[in-house]
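S.K.: fold the following, please.
(chains A and B)
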Amino acid sequence: MSEAGPVTKQRNPHDPDERGHFGPYGGRFMPEALIGALDELSAEYDKARLDPAFTEEFTRLLRDYANRPSLLTEAPRFAEHAGGARIFLKREDLNHTGSHKINNVLGQALLTKRMGKKRVIAETGAGQHGVATATACALMELDCTIYMGEVDTERQALNVARMKLLGAEVIPVKTGSRTLKDAINEALRDWVTNVADTHYLLGTAAGAHPFPVMVRNFHTVIGEEARRQILEQTGRLPDAVAACVGGGSNAIGIFHGFIDDPDVRLVGFEPGGHGIASGEHGATLSEGTPGVLHGARSYLLQDDDGQTIEAYSISAGLDYPGVGPEHAWLKDTGRAEYRSVTDDEAMDAFQLLSRTEGVIPAIESAHALAGALVLGRELGPDGLIVVNLSGRGDKDMDTAAKHFGYVEES
Amino acid sequence: MSLKRLFEQVKAEDRAALIGYLPAGFPTVAESKDLLAAMVDGGCDLIEVGVPYSDPVMDGPTIQVAADTALRNGFRLRQTFDVVESVTGHGGRAVVMTYWNPVHHYGVDAFARDLAAAGGDGLITPDLVPDEAEEWLAVSETHGLDRIFLVAPSSSEERIDRTVKAASGFVYATAVMGVTGARDQVGAGAAELVRRTKAHTTLPVGVGIGVRSGEQAAEVAAFADAVIVGSAFVTAAEGGPGAVRALAEELAGGVRQKSGRATVAP
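M.R.: Numbers count the residues shown, from 1 in each chain, chains lettered A, B, ... in the order given. Model prediction:
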């Protein structure tokens, strides 16, 4: 049996329409010059998801290269701080390259080969997607160029070195806010110039169709495994599934394992930064309004003129002013709920998990952990929560050391 | 429809039209009005008033920097209409070129209403393809505005056909794959894209390809109905209205020469 079963399902009730719409969200708000490449990608993906050989290869790579299935680990000492609820961690941090990102990257790299393209470009915020992409490109003999905001290359210097070691070219992006949003802009500019031989390996379940549904489907393995594992370990479904939401790929992946279980609450935690009232945050679903950015209609942080507002978070992987269109739809339909967690709350949870369980989470994932502490207190001692621990925190040591005063600020 | 009449007149003069682009509010709203007036005076048949936007993914560095400058200097979206009105009040014709989110956020109908009231002729929408344009297709009819969609070298015949059927006024051919920016040479693919497009429509076809000189304008005018110039005007704007007018005059001379390609076998 395949671990990655959902990849082969041609249509499921949660798929967007033929043109990529989830209700009023999604679609393709892209230059005509890129529509041909999106059509090509859609056609190749539609063929691949029905092709047993593709599924077999993808599943083999997830198992033998990425280290799937990832563990589901109970965190009892951490849960003592959550009102007595039981908390289980879906250990995407134990995947090769240290986060959930590898799932999508392996799938899209296989598609790149199928399309006969030789070159891959990608954006990265925290560097996790860039490292995962550079890894897959090394494995599959593809040329790799990573766009990364200059600000992020400074906060995540170690990941820049990792990408270079893996053979990728890393281009610091100096336009706009010099973070993830601008890295995507620059990658799109590269793509429109070099589209004939280049695949844009988008790292989150956002952007123009087919990216949101395709990236989601490559990540649904997270939720499928987690559902089976929690049933094996506890004999029941959780009351809530918690995940952090930047662009939303790890969240949509784990949510989809439980989306047809109406009693399981799906809760996404967005970066509250310095607090919603400060205006310095990345809480797109909680505080944004519908708009168009990077190819899709979704919620968006924007001003009165529709200009994008720069997002802020202590986490480089979450400070994105947009969000995947399916999350917008899940919010509007009420199937998922979205809340925000501040920098300080996330960092407290980051330290707490490290000290109670010996697991250092990514600061991104620490937002979901902080949220789970609150959810646990709301649910009470009978509560059962699965948290998507989407990545490991080694990359965040510099930020953490400064935050907690372990080192002198330079 | 005034753009239809404009192109008929240009055709009667046996030349191509000159379309010049500058962002509204660059470097400031007042200065942009003077720069656009200089483009009209120098011989631009149609002005593309650009809307400065925070995420201009189709634009190269020249126009990105100009948009940033306008936004930093406090440009507000509603001032687009003041700027359009200044062009039409100066005897010019204007369309607005804008990424979709500002229009989406302002309200498609309200934007069209205010643009029409300012005397604008239509909208060029670089990141709105007809597939997603249902509301705009209806609203543009209501307010009598032209819908200028883009075709690209990568467009299939089917997509070109769909695009020109949804378009009015003219069709904008982005003749090289890539972002905006002035280029030393105009690509050979441009004439081919115009030919492919004209096989599907009687609408005029304008070519944007990074033209920056009268000579290049003449080359493009040999096979296109309009020569569209953007980044070169942004660069010229550093020299003020005089430099912009001089560039417009040079380009206007170019579109009347049709030298280059017309006499050269492809």
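S.K.: which stretch of helix or strand covers the residue of the stretch 1-150 of chain B at minimum distance from chain A?
M.R.: Of the stretch 1-150 of chain B, the residue with the smallest distance to chain A, taken as C-beta to the nearest C-beta, is B:His105 at 3.1 Å. Every C-beta, even on glycine, is put in place using the N, C-alpha and C of the backbone. According to DSSP states H and E, B:His105 maps onto helix B:100-106.
S.K.: other residues contacting that helix?
M.R.: Contacting residues not belonging to helix B:100-106 are listed as A:29, A:289, A:291-293, A:297, A:300, A:302, A:304-308, B:51, B:53, B:77, B:111, B:123, B:125, B:127-128, B:136 [C-beta atoms under 8 Å, 6 or more residues apart in numbering or on different chains].
S.K.: just the buried residues of these.
M.R.: Among the contacts of helix B:100-106, those buried by neighbour count (16 or more other C-beta atoms under 10 Å in any protein chain shown) are A:29, A:291-293, A:297, A:300, A:302, A:305-308, B:51, B:53, B:77, B:111, B:123, B:125, B:127-128, B:136.
S.K.: restricted to helices, list those.
M.R.: B:Phe111, B:Trp136 (DSSP state H).
S.K.: next up, the contacts around A:Lys101.
M.R.: A:Lys101 makes contacts with A:Gln128, A:His129, A:Val131, A:Ala132, A:Thr133, A:Gly203, A:Ser249, A:Gly391, as judged by C-beta under 8 Å, 6+ apart.
S.K.: swap in 6 Å and give it another go.
M.R.: Shown in contact with A:Lys101 (C-beta atoms under 6 Å, 6 or more residues apart in numbering or on different chains): A:Gln128, A:His129, A:Ala132.
S.K.: go on, B:Tyr172?
M.R.: B:Ile124, B:Ile148, B:Leu150, B:Gly206.
S.K.: what sits against the third one?
M.R.: With contacts defined as C-beta under 6 Å, 6+ apart, the neighbours of B:Leu150 are A:Glu32, B:Tyr172, B:Thr174.
S.K.: so, low pLDDT: which residues of chain B?
M.R.: Confidence mapping of chain B against pLDDT under 70 gives the ranges B:1, B:186-187, B:258-266.
S.K.: cool, chain A as well?
M.R.: A:1-11, A:409-410.
S.K.: around chain B, pick out the residues from it.
M.R.: A:27, A:29, A:31-33, A:36, A:185, A:188-189, A:193, A:291-292, A:305-308 (C-beta under 6 Å from any C-beta of the partner chain).
S.K.: could you check how far whichever residue of the stretch 51-200 of chain A sits closest to chain B is from B:Glu48?
M.R.: Shortest the stretch 51-200 of chain A-to-chain B distance, computed as C-beta to the nearest C-beta: residue-wise this is A:Thr193, at 3.9 Å. For A:Thr193, the distance to B:Glu48 equals 22 Å [C-beta to C-beta, to the nearest Å].
S.K.: find the residue at the geometric middle of chain A.
M.R.: For chain A, the residue nearest the mean C-alpha position is A:Ser249 (3.2 Å; C-alpha atoms, centre = their mean).
S.K.: can you pull the contacts of that residue?
M.R.: Applying C-beta under 6 Å, 6+ apart, we find A:Ser249 in contact with A:Thr204, A:Ala205, A:Val215, A:His219.
S.K.: counting neighbours, what do you get for the closest residue to A:Leu384 other than its chain neighbours?
M.R.: Nearest residue to A:Leu384 in three dimensions, chain neighbours excluded: A:Pro238, at 4.6 Å (C-beta to C-beta, 6 or more residues apart in numbering or on different chains). Applying other C-beta atoms under 10 Å in any protein chain shown, we find 26 residues neighbouring A:Pro238.
S.K.: that older thread, which one's more surrounded, A:Thr193 and B:Glu48?
M.R.: It is B:Glu48, of A:Thr193 and B:Glu48, that has more neighbours when counted by other C-beta under 10 Å, with 26 against 15.
S.K.: is it true that that one lies in a strand?
M.R.: Yes: per DSSP: H, G, I helix; E, B strand; the rest coil, B:Glu48 lies within a strand segment.
S.K.: next, the residue of chain A found nearest chain B: phi, psi?
M.R.: Distance from chain B to each residue of chain A (C-beta to the nearest C-beta) is smallest for A:Gly306, at 3.1 Å. Backbone torsions for A:Gly306, taken as degrees, to the nearest 10, come to phi 80, psi 10.
S.K.: ok, longest strand in the chain?
M.R.: Just so you know, I chose chain A. When chain A is parsed with DSSP state E, its longest strand is strand A:265-273.
S.K.: wrong chain, I was asking about chain B
M.R.: Under DSSP E, chain B gives strand B:17-23 as its longest strand.
S.K.: in contact with the closest residue to A:Ala251 other than its chain neighbours, which residues?
M.R.: Leaving aside its sequence neighbours, A:Ala251 sits nearest to A:Ala243 (C-beta to C-beta, 6+ apart; 3.7 Å). Listed by C-beta under 6 Å, 6+ apart, the contact partners of A:Ala243 are A:Asn250, A:Ala251, A:Ile254, A:Gly268, A:Ala368, A:Asn388.
S.K.: how many neighbours does B:Gly25 have?
M.R.: Neighbours of B:Gly25 (other C-beta under 10 Å): 30.
S.K.: ok, now how distant is B:Ala190 from A:Arg227?
M.R.: Computed as C-beta to C-beta, the B:Ala190 to A:Arg227 distance reads 55 Å.
S.K.: got it, and B:Arg5?
M.R.: For B:Arg5, the distance to A:Arg227 - C-beta to C-beta - is 65 Å.
S.K.: those strands in the chain, which residues are they?
M.R.: Since you didn't name a chain, this refers to chain A. A:21-22, A:25-26, A:72-74, A:86-91, A:119-124, A:143-149, A:169-173, A:198-200, A:240-244, A:265-273, A:289-293, A:296-300, A:336-342, A:384-389.
S.K.: my question was about chain B
M.R.: B:17-23, B:46-50, B:94-97, B:122-124, B:146-148, B:150-151, B:171-174, B:205-208, B:226-229.
S.K.: residues touching B:Asp41, list them.
M.R.: Counting by C-beta under 6 Å, 6+ apart, B:Asp41 makes contact with B:Arg245.
S.K.: run the last query once more with 10 Å
M.R.: Contact analysis of B:Asp41 by C-beta atoms under 10 Å, 6 or more residues apart in numbering or on different chains lists B:His90, B:Gly91, B:Gly92, B:Pro241, B:Val244, B:Arg245, B:Ala248, B:Glu249.
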